[in-house]
Structure formats: C-alpha cells, structure tokens
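# Fold the following, please.
(one chain, ligands or ions: 1)
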Amino acid sequence: MNFSNTLPPYSPDDLGNAYSFSDSPFRVYVHIPFCKKRCGYCNFNTFTSFSLAPGFDKNTYPSLLEREIKRVKRWQEEHAIPLKPASSVFFGGGTPTALSPSQLSKILEAIRDAWGIEEGAEISTEANPDSVEGKELFDLKKAGFTRVSFGVQSWEPRILRILDRTHSPAAAWRSIRKARKAGLSCSADLIYAAPSEKRKEWIRTVRLTSSLGLDHVSCYALSIYPRTKMGRQLEKGLIAEESDGAQARDYELADSILSRRGYKWYEVSNWAREGKECLHNIGYWKNDDWIGLGPGAHSHFSNLRFWDFSRPGPWASAVQKGDLPWEGEVLGQKEREEEEIFLGLRLKTGLDLEKLEKESGKKAKSDLISSFYGLAYLKEGALFPTLRGRLLNDFLARSLMDYFLE
Ligand code: SF4
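Sure thing, here's the model as predicted:
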C-alpha cells in the first residue's frame, strides 16, 4: 500500500502492513468504562449506566474484551508482527473495580493465554476507595494483581464534595489499610488546585498521604473541561479556576513534603519510594509498545498509533462481528522524534540530547542550552528538567522541537 496516496485514519489492515520492527517491551492497558457516578471534573470515556449497548453490559464486558484480545493477536499473526509476553498490565478507567475480582481475573487470564505475562510482571488496577472491600483486595492479590492505585484525590471532606467524589476519607483510609494487609503495593492519586482549596488543606492532604506507608503517589493539577459539570459551573461563575501561580505553589509544596518523607520524583506528576516506580507508566514515557483494549483505549505500537472506537455501540458491534474496533495512523521519523522530546523531558532520567543530535544531524548550540537556565541542565549528554522546568515542560519541549526538527 502506498501511504503517500491516502490520508489517515488507516484501517487495521493498512496499519499492519505499515508496521516496522521494534524490540521494545510489550505492555497491555485495559480500559473499564464503568463508574457509579460521574465526578464533576471527569472527562474520561466512562459511563454510569452498566448497560452500554446491545450485548454490552458489565456482565458481558469481560467476554467482549476476550474477543478483542484474540482478534488483536490474530492481527499480529496475519501481519507477521512478533508476539511478546506482557512486561506489565494496567487496568484503568472508569473504575476497574466496578467489575468483580473474578471478572478482572478472567480478563487477565485471556491476556495470559494470548500473549503470556512475564514472570514477576507488574499488574496494576486503579480503584475507587469505596468500590473495594477487604475480601475483594485479597481476591485481586490471589488473581495475580501486584499493585492498586487508589483515586484518593483529597483527605478533606469539603474538597471531595467540590470534586463530587463518592467516597469519604474514612473509606479511603480503610481501603489502603486493607490493600496493604493483602500484600498489594499501594499508590494514591491526588488532585491539587481544586476551586477554593486552601494552601493548608493541600498541605494536610499531602502530609497525611505520605504518612500511610504507600509506595507511590501521583499529584495532578485539576483541569476543568467545558463539557463537564464543573465546566458548566465555571461558565456560570459558580466556581473559579485556581491561577497558574497557585498550581505551581501546590506542586512545589507536594514535591517538598514528599521528598522529605522519602519519596523521589521520577516523572513530572509521580513520586515513589526507591524501586517502587510504576513500571507500566514508565513504559509510556519511554515509548515502549503497548496495546490498549476497550472503548477509547489508545495503542502505541512501534511506528503505529491506533485507538479503539470510543462510543460503546460501534465498539461492541465491531467486536461482536469479529472486526478490530479501531483505526489509526502511521508516524514518520519527525513525529517520533517529537514524541521522544516531549516524553523524555518528563522523566528524571532526562532527555538523551546526544541521540537527538545524532538523529537530527544538528549540534545543540550553547545559547540554546543557556536559554534553559533555571529550567533544565546538561549532564553527560542528557538534558534534565529542574523543579521549575518540570512545570514548564511544554516550553522546553517546544523550544527543542523548533530547534532540532524545523
Ligand atoms: S471515578 Fe474517575 S473515571 Fe469515574 S467519574 Fe470519577 S474521575 Fe471519572
């Protein structure tokens, strides 16, 4: 097929024909698109009804995913794309724990049957603190899960109400305690710069999180999107967005508290105890290969990028017919280098500048590097963001792209 004569998105067959070999680790992401109630800020592809389309509900979803897994494997075989065992598996959502441990285990087994899962691989699930009880956490551990990432967001009841979360601080505390007892590695997601959140409330949230013996903490600035409940509240002037300055202040506070409590930052929004970084997420930032399964899931496979249909109806009907429920695009060298710059700058391990110089045939001039003063520094051929530079990651990435890739 001559890709210069066609425009993306391409069909799965066209994508298979355009695949170029990669020796990256292989990872699997599973999207579970169910939630009990939509949070005020949520713009994820998730639904509060448990019946999403004919033949697609909470009970049939594991079988639909099983069909998609088998079909993806067949696509690889048809196009001579190597099959590799998964180095990590991540269940995200939505609320993966809206499904029972036995349903999640069934999906995990289908992944194991199709590709295999490496010995000792990291297997994570996200969970809402009020969606799992003690027994379920033990069952997840028994099924092979190694890690749970709880959507804690805040320990302040007032902030949880503003965010429209369904759980209470007590429920989050109980779930974390039980997950640790079950032998699962635990992470907490926190949200900063919620409307009207006070500095002391955020400090309390980070301090309490860091005192619970968790292995990993993620902190994300609240983004308010137009077509969400909070977006409408913002439009009507009922709430106000926090300023960039307040966001930067909260980020720096989190970094300082977490660092003092033994957590090391390793990616812009992530801190972990030594050796407890989320390997699956590092794979995303290192440009590894991964297959995403379920409505709206994205896949990143060597030079191919493809995405599952996000609407449940078309997704389920394609899977039921035995078709691949996705379309995608083929990246050229320039787009792949753009990705490398953008992703490399997010990591503690820095961006390999020497490699970029080699690929682009351009040397980084000293005035380019000195324009990054206070934001990034050069060491042994790599560029590392400073604390302030992590907040201005987009500016650094854009400057490097303009210099090397234009
Ligand atoms: S739990 Fe997460 S995915 Fe579900 S509605 Fe809330 S923010 Fe969205």
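# hey, where'd the helices end up in the stretch 201-350 of the chain?
229-235, 244-260, 279-285, 312-321, 333-344 (DSSP state H, counting those that start in this stretch).
# highest average neighbour count across these?
Ranked by average neighbour count under the criterion mean count of other Cβ atoms under 10 Å, these are headed by helix 279-285 at a mean of 20. All C-beta atoms are positioned from the backbone trio N, CA, C, and that covers glycine.
# who's in contact with that one?
Contacts with helix 279-285, where a contact means Cβ atoms under 8 Å, 6 or more residues apart in numbering, come from 25, 27, 29, 87-90, 122, 124, 266-267, 270, 290, 300, 343-344, 346-347.
# returning to what we had before: can you say which of the helices of the stretch 201-350 of the chain is nearest to residue 149?
Among the helices of the stretch 201-350 of the chain, helix 279-285 comes nearest to residue 149, with 9.6 Å by Cβ to Cβ.
# Only alpha carbons, please: show that closest one as PDB.
Presented in PDB, the C-alpha positions along helix 279-285 are these (Å, rounded to 0.1, in the frame of the first residue of the first chain):
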ATOM      1  CA  LEU A 279       6.900   0.400  35.500                       C
ATOM      2  CA  HIS A 280       3.900   0.400  33.300                       C
ATOM      3  CA  ASN A 281       3.700   4.200  33.300                       C
ATOM      4  CA  ILE A 282       7.500   4.500  32.800                       C
ATOM      5  CA  GLY A 283       6.900   2.300  29.700                       C
ATOM      6  CA  TYR A 284       4.500   5.000  28.300                       C
ATOM      7  CA  TRP A 285       7.100   7.700  28.700                       C
END
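# Show me how far it is from its chain's centre.
Mean-position distance between helix 279-285 and its chain equals 8 Å (Cα atoms, centre = their mean, to the nearest Å).
# and the spatially closest residue to residue 84 that is not a sequence neighbour, how far is that from residue 128?
Distances taken as Cβ to Cβ, 6 or more residues apart in numbering place residue 26 nearest to residue 84, at 4.1 Å, with adjacent residues excluded. Residue 26 sits 28 Å away from residue 128, taking Cβ to Cβ, to the nearest Å as the criterion.
# and those two? which has more neighbours close in?
The residue with more neighbours, out of residue 26 and residue 128, is residue 128; 26 against 21, by other Cβ atoms under 10 Å.
# Report the contact partners of that one.
35, 36, 95, 97, 150, 151, 166, 167.
# Which residues does the residue nearest to residue 84 form beta bridges with?
Assessed by DSSP bridges, residue 26 has beta-bridge partners residue 86, residue 289.
# which residues in the stretch 151-300 of the chain form strands?
Secondary structure of the stretch 151-300 of the chain (DSSP state E, counting those that start in this stretch): strands at 185-192, 216-221, 264-267, 270-272, 289-293, 298-301.
# Same check on the stretch 1-150 of the chain?
With DSSP E, counting those that start in this stretch, the ranges of strands along the stretch 1-150 of the chain come out as 26-32, 51-53, 56-57, 86-93, 117-127, 147-153.
# okay if I get these as TSV plus mean pLDDT?
Listed next are the strands of the stretch 1-150 of the chain as TSV, based on pLDDT from 0 to 100:
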stretch	mean pLDDT
strand 26-32	98
strand 51-53	93
strand 56-57	96
strand 86-93	97
strand 117-127	98
strand 147-153	98
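# mind putting the ones you listed in CSV, distance to residue 351 included?
Converted to CSV, those look like this (distance: least, Cβ to Cβ, whole Å):
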stretch, distance to residue 351
strand 26-32, 21
strand 51-53, 41
strand 56-57, 42
strand 86-93, 23
strand 117-127, 24
strand 147-153, 26
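# could you dump those strands to CSV with distance to the ligand?
Formatted as CSV, those follow (distance: least, Cβ to the nearest ligand atom, whole Å):
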stretch, distance to the ligand
strand 26-32, 9
strand 51-53, 14
strand 56-57, 17
strand 86-93, 5
strand 117-127, 8
strand 147-153, 6
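# and of those strands, who's closest to residue 391?
Comparing these by Cβ to Cβ, strand 147-153 comes nearest, at 20.5 Å.
# how near is residue 51 to residue 60?
According to Cβ to Cβ, residue 51 stands 9 Å off from residue 60.
# and those two? which has more neighbours close in?
Set residue 51 next to residue 60 and count neighbours by other Cβ under 10 Å: residue 60 wins out with 16 against 13.
# Could you measure from the more buried one over to the ligand?
Note on residue 60: its distance to the ligand, by Cβ to the nearest ligand atom, to the nearest Å, is 20 Å.
# just residue 369 next, same as before
In terms of Cβ to the nearest ligand atom, residue 369 sits 40 Å off from the ligand.
# and the stretch 101-250 of the chain, which residues reach the ligand?
128, 151 (Cβ under 6 Å from any ligand atom).
# List phi and psi for the residue of the stretch 251-400 of the chain found nearest the ligand.
Proximity of the stretch 251-400 of the chain to the ligand (Cβ to the nearest ligand atom) peaks at residue 296, 11.4 Å away. Torsion angles at residue 296 (phi, psi; degrees, to the nearest 10) stand at phi 80, psi 0.
# Please report the distance of the nearest residue to residue 136 once chain neighbours are set aside from residue 390.
Using Cβ to Cβ, 6+ apart and skipping the chain neighbours, the partner closest in space to residue 136 is residue 101 (5.3 Å). Distance of residue 101 to residue 390, given as Cβ to Cβ: 37 Å.
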